[in-house]
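Novice: sequence first, predicted model second:
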Amino acid sequence: PASPRCRTLAADRHRLNRFAAHSHNIIAVVSHVSARLDSEGLALKAWHPPRAPWNEKMNRDRYDLPLTTTSDRAAAHYRDGMDCMLSAWHGAEEAFDRAIQEDGEFALACIARARLHQLNMQGGEARSLAARARQLAANADARERQHIEILAAVIEGKPKVAVSGAEAHLEQYPRDALVL
């Protein structure tokens, strides 16, 4: 049985995350709260979140690296999947599946899901999805292409290629958590 401390941590995680369940972006949370206040007649003065003109539609991961998807929902599902995967929490598979469903050309979601297939000893599915991610990587930026090549090498059982690629990649992108 779980210790009382474990149950408390799980309860805290649920309680703290319920406010950000639909978004991992503080601007979106503020907008949601503002809309709720407005619907109840308690509207705040007009406030608009600042936007960077050079990347208005660019989605980012949890570590502020750009994501090549224009779907906010796909990006949010990808962030959820990464959070679950990196913390060994359940739900990563479903989150990556939802990200792929939202944007079928989101290569990073495909390679992350392929890595989970590999970790679950589903080699055929892992290699198939890694090959798909490589095809989709043509539309991705250089960081994402390197990320995909490194994880595909891991999935294909090419450790020397994966390690040397990861070392070079992490020199340039030290916050790329899944490669790390």
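Specialist: Alright, I've got the coordinates. Numbers count the residues shown, from 1 in each chain.

Novice: what's the following helix or strand after the helix or strand harbouring E94?
Specialist: E94 belongs to helix 92-102 when assigned by DSSP states H and E. Sequence order places helix 107-119 as the next helix or strand after helix 92-102, per DSSP H and E.

Novice: now the angle from whichever helix or strand comes after that following helix to helix 92-102?
Specialist: Toward the C-terminus, helix 107-119 is succeeded by helix 123-136 as the next helix or strand (DSSP H and E). For helix 123-136 against helix 92-102, the angle between stretch directions is 40 degrees (axes from the mean of the first three to the mean of the last three CA atoms, to 10 degrees).

Novice: for the very next helix or strand once past helix 123-136, which positions count as buried?
Specialist: Secondary structure here is assigned by DSSP H and E; on that basis, the next helix or strand after helix 123-136 toward the C-terminus is helix 142-155. Buried residues in helix 142-155, defined by neighbour count with 16 or more other CB atoms under 10 Å: 143-155. Yep, even glycine has a C-beta here, placed from its N, CA and C like the rest.

Novice: ok, residues contacting helix 142-155?
Specialist: With contact meaning CB atoms under 8 Å, 6 or more residues apart in numbering, helix 142-155 is reached by 65-68, 107-108, 111-112, 114-115, 118, 126-127, 130-131, 133-134, 137, 140, 159, 161-162, 165-166, 168-169, 172-173, 176, 178-179.

Novice: okay, it in CSV with CA atoms only?
Specialist: Listed in CSV are the C-alpha atoms of helix 142-155, where the atom choice follows Å, rounded to 0.1, in the frame of the first residue of the first chain:
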residue,chain,number,x,y,z
ALA,A,142,17.4,21.6,-37.7
ARG,A,143,17.1,20.9,-33.9
GLU,A,144,14.0,18.7,-34.4
ARG,A,145,15.7,16.8,-37.3
GLN,A,146,18.7,16.0,-35.2
HIS,A,147,16.5,15.1,-32.2
ILE,A,148,14.6,12.6,-34.5
GLU,A,149,17.8,11.1,-36.0
ILE,A,150,19.2,10.5,-32.5
LEU,A,151,16.1,8.8,-31.1
ALA,A,152,15.6,6.8,-34.3
ALA,A,153,19.2,5.6,-33.9
VAL,A,154,18.4,4.5,-30.4
ILE,A,155,15.3,2.7,-31.6
